Each structure stands twice: as C-alpha cells, then as structure tokens.
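Asker: how does the following fold in three dimensions:
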Amino acid sequence: MKIAILGGGISGVALARMLAADGHSVTVLEKSERAGGLCKSRRYGEFTFDEAGGHILFSKDKKVLDWQLERCGGEAGTVRTVRNTKIRWRDRWVPYPFENGVGHLTKEAIVDCLAGYIEAFADRRAGVPCPSNFGDWIQWRMGAGFGRHFMVPYNEKIWKCDLRTMASDWVAGRVPEAPIEDIVKSAVGLDTQGYAHQSVFWFPRHGGFEAMVVGTVRNGGFKLQCGIAVDRVERSAAGYRVNGEAFDLVVNTVPLPQIEAAFTDIPADIRHEIQALRPISLINLMIGVKLDEPLPPLSWIYLPFPEQGPTNRVTYFSNYSPHNAPAGHGSFLAEVTHRGELHPDRAWQQDVVKALGSAGILHPEHVVLLEACNNEFAYIDQNHAFQGRITRVRKWFDDSGYITFGRFGRYEYHNSDQCVARAMQVHSHIQTIANSGQQTPLRLA
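Answerer: Numbers count the residues shown, from 1 in each chain. I've put the predicted structure just below:
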C-alpha cells in the first residue's frame, strides 16, 4: 500500500520503518525542520540537551527495549545506568519513591506519614471505594501525611490546578502500591526499594535522546518530508488524499488540536471535542555548569515545595552520558510546567537558577550556559471531562478508516517506549488490512 503518516515524532517514524520493511510505500510528513517531536535534542557548543526533559531508554517489554537499543547502536552506542533518584525534601535527600524513603524524614513527619498510611490502608481494606478525583485518591491511597509531605505539593506543581478537578482513573497502573511492610520497614530505618523494574536504564552515548529517532530514520526505507504542513486530508473514491496526493491509508500522529482543521470530514461534534482538548505545556531549562568536582551520581530528582522554585524535576543530564557536556562541566535539565501562560524570558530563567541554588542543587555562579525550550504539548490534562471526550474522539477515528495514535495523536499518557509498543500494535493492524484487503476498525486495548 501507499501510506501517509502525519507527524515525524517517534510514533510516526517507528511505524514508518516497520511498514517499509513490509514493502509498503511510506511517506512521513513533518511540519518542522527535522523529525523528532518530543524526543528532539539540541547542541550548544560541546553541550547536548534534550528539548522536552530527561528521557531514558527503558521498557518492561524486552522486544520494545531491544528495538530502542538497536536504533541507538546497541551496547556500544549506549550508556547503562543504575537509577539513582531522590526527592529534595526540605534540606534532606530522600530516596524515591517517597513511601520507600519515609525513614529519611524527620521523626515527626515519619509518624505523620505512617499513621495516615495505616488509616488509609485500613479504610481500603474495609471497602472504602476509590474516589473519582485525584486529590481525594491521594488521601485514599497514601493517607493524609504522605499527601501533605509530598504527593499534594508535588502534583499541584506539575498539574497547576486543584487536584480534585482531575480524574483519578489515569493514575491506575502508573503509581504502584508499596506493600505496607515496606513502608513500616522504611519508617524504622530499614531500606526498601520501590519501582525495581526501572532500576536500570540506558541512554544514547552521543546525540542525546534524538539519536533514537535518527537511528530509526537512517536506512528506514521510507520517505521523510520535513518542512511540510498538512493542510488538507480527505477521502477520495480510491482511498485518501493528503495535500492533493493520493494514498491508500492515512495514519496521524500529530497532536489532534493541531491537525483537526486539515481533516475535511470530521463531524462538528467530534471537532468540538478535539478543540476542547488542552495540553499542559513544559518549559525545559537547559543549564550548563563549570564543575569544581563531579556531580553527585544522581539520575534525576524531584522538588515538591513552592519555596524550591517552579521546577518540579531536575535531570542530572551529564550523568546520562559523558558526551552530554564538555570536560570539566556538567549539565542539568530543569522542568517547569504551565498552562500556556508562561514565557521564559532571561529574568525568569535566572530566577529559576537562583531557586535551584537555594535548594542546594547547583551553584548559580558556576552556570556557563542557560537556554530554554517551551514545549506546548507535554502532558495531558486529566480533567473529569477528558475520558469521555477522548473516548468519543478515538471511536470516531477508529471507525472512520483513518488511524490516529501517539502521545497526542491519541491522547494517551505514554512514554517513548509505550509509543514504540503502540507502533508495533498499529503495524500489526495494518498488516491485517494489507493481507485481507479489508479496512477494519482499529482496536487498541
């Protein structure tokens, strides 16, 4: 088949490579100057940074992980790291996840967290149902102490809203429940480890995370057209037309609000639903520093409190690969979310750095490079209307013959490895269409 893929992020180029290997004629249309989407990186002198925060090469699915590593040159082209993540809790370094590091808090906070967790645990055992909003879910799952000392301030910093206005269904599966034994052990000073499945990750040795996209495009067997805006997508007697060119199949990976106007046949009610989808944006502050001594061996850290500045997460980026910063230097990525109202001028950037200095993360006087990247589409607004709205949008696309997937092509809160896994599922679906000659609705679990 002749297939058009709209958008050259990792979802689009991964699917294109898989389809091209089957012998299909595949064209990827990308509006910006190069492929990459949220996986893009950029270079300043000898510094390399990722544009949309700190990504990692990791997957619980070995097939997906192997696919990612192969695109980056395998063992020789990647750096293997044992994850070391912390929470900057006041003036203390607390192991992440927070419930497994509770023993590192003050005695008063330990008692507060433990008492609240036991009460919440007893309530769940007694049959108290899961709340429908995220704010109450925190209390139901973690208890008031854990909520007060980390979960509430941290999540308010990310989502920029009253947490009760958010649904709770999105968090199921993303936040594993720590066994109560682990929390009690941590409270009395015995170390426990959470999220063990992500204890090791990889990162491209050269080129930042975009190296995975570059490796996907290289010898991919498909046509990549950059600098091409998709203005019109329509059905024709023989299939579909994109900007006037005929195709047998159209796959979208572009954020739906950015592409809906191009589709001529979206019904008015579905168009209204798409226009109501709102992203949460991310400013990624890229910081290069001169070092007197090596950075501590941290992967990334969380900053939950307002007095630590607007940053919610800091990646120790030069620890991911020795080639991310020149000799004698280090680099950080500081992430700040917003809802479209923030513009990172120089004074704002310097204020963020000053706050990171006060939090004990870096020395502002050692900063030698400071740049910002504003990513409009970064997180999905998980408000109460979202699930019903996106269900109706997905159903229309799935039944229409068009295919849409990707973090914002389908509005699924997916990391890059999950996007690759989705590409594999969509690939299988298109194989079925090609073999049968029959267009069938896409069904993704």
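Asker: listing request: residues of the protein with sub-threshold pLDDT.
Answerer: Filtered on pLDDT under 70, the chain yields the residue ranges 173, 194-198.
Asker: how about the helices in the stretch 301-445 of the chain?
Answerer: Assigned by DSSP state H, counting those that start in this stretch, the helices in the stretch 301-445 of the chain fall at 346-358, 386-400, 416-436.
Asker: what is the burial count for the spatially closest residue to residue 90 that is not a sequence neighbour?
Answerer: Spatial nearest neighbour of residue 90, excluding adjacent residues (C-beta to C-beta, 6 or more residues apart in numbering): residue 305 at 7.4 Å. Just so you know, the C-beta spots here come from the backbone N, C-alpha and C atoms, and that holds for glycine as well. Neighbours of residue 305 under the rule other C-beta atoms under 10 Å: 15.
Asker: against residue 224, how distant is residue 305?
Answerer: Note on residue 305: its distance to residue 224, by C-beta to C-beta, to the nearest Å, is 44 Å.
Asker: thinking again about what came up before, tell me which of the helices of the stretch 301-445 of the chain is the most buried.
Answerer: Mean neighbours per residue, mean count of other C-beta atoms under 10 Å, is largest over the helices of the stretch 301-445 of the chain for helix 416-436, with a mean of 18.
Asker: was I right to think residue 131 contacts residue 141?
Answerer: No: using C-beta atoms under 8 Å, residue 131 is not in contact with residue 141; the gap is 9.2 Å.
Asker: higher neighbour count, those two?
Answerer: Legend: neighbour count by other C-beta under 10 Å for residue 131 and residue 141, higher for residue 141 (21 against 16).
Asker: just checking, that one touches residue 121?
Answerer: No: contact criterion C-beta under 8 Å: residue 141 and residue 121 do not qualify, at 9.3 Å.
Asker: what sits in contact with each of the two?
Answerer: Residues touching both residue 141 and residue 121 (C-beta atoms under 8 Å, 6 or more residues apart in numbering): there are none.
Asker: leaving out chain neighbours, which residue sits closest to residue 110?
Answerer: Nearest non-adjacent residue to residue 110, counting by C-beta to C-beta, 6+ apart: residue 187, 5.3 Å away.
Asker: quick check: domain ranges of the chain?
Answerer: 2-36+210-278+383-436, 98-190 (automatic domain parsing).
Asker: got the end-to-end distance for the last one?
Answerer: Yep, that's domain 98-190 we're talking about. End-to-end distance for domain 98-190, by C-alpha to C-alpha, to the nearest Å: 14 Å.
Asker: how far off centre is it?
Answerer: 22 Å (C-alpha atoms, centre = their mean, to the nearest Å).
Asker: can you map out the strands along the stretch 101-250 of the chain?
Answerer: With DSSP state E, counting those that start in this stretch as the criterion, the stretch 101-250 of the chain has strands at 200-204, 223-226, 233-236, 239-242, 245-247, 249-252.
Asker: picking up where we left off before, deepest of the domains of the chain, which one?
Answerer: Greatest average neighbour count among those goes to domain 2-36+210-278+383-436 (a mean of 19), per mean count of other C-beta under 10 Å.
Asker: for residue 293, find the nearest of the strands of the stretch 101-250 of the chain.
Answerer: Residue 293 lies closest, by C-beta to C-beta, to one member of the strands of the stretch 101-250 of the chain: strand 200-204, at 22.3 Å.
Asker: reformat the domains of the chain as JSON lines; add distance to residue 55.
Answerer: Listed next are the domains of the chain as JSON lines, based on distance: least, C-beta to C-beta, whole Å:
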{"stretch": "domain 2-36+210-278+383-436", "distance to residue 55": "6"}
{"stretch": "domain 98-190", "distance to residue 55": "17"}
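Asker: sort out which residues of the biggest strand by length in the chain are buried, please.
Answerer: In the chain, with assignment by DSSP state E, the single longest strand is strand 367-380. The neighbour-count check on strand 367-380 (16 or more other C-beta atoms under 10 Å) flags 367, 369-375, 377-380 as buried.
Asker: kind regards, and thank you for your time.
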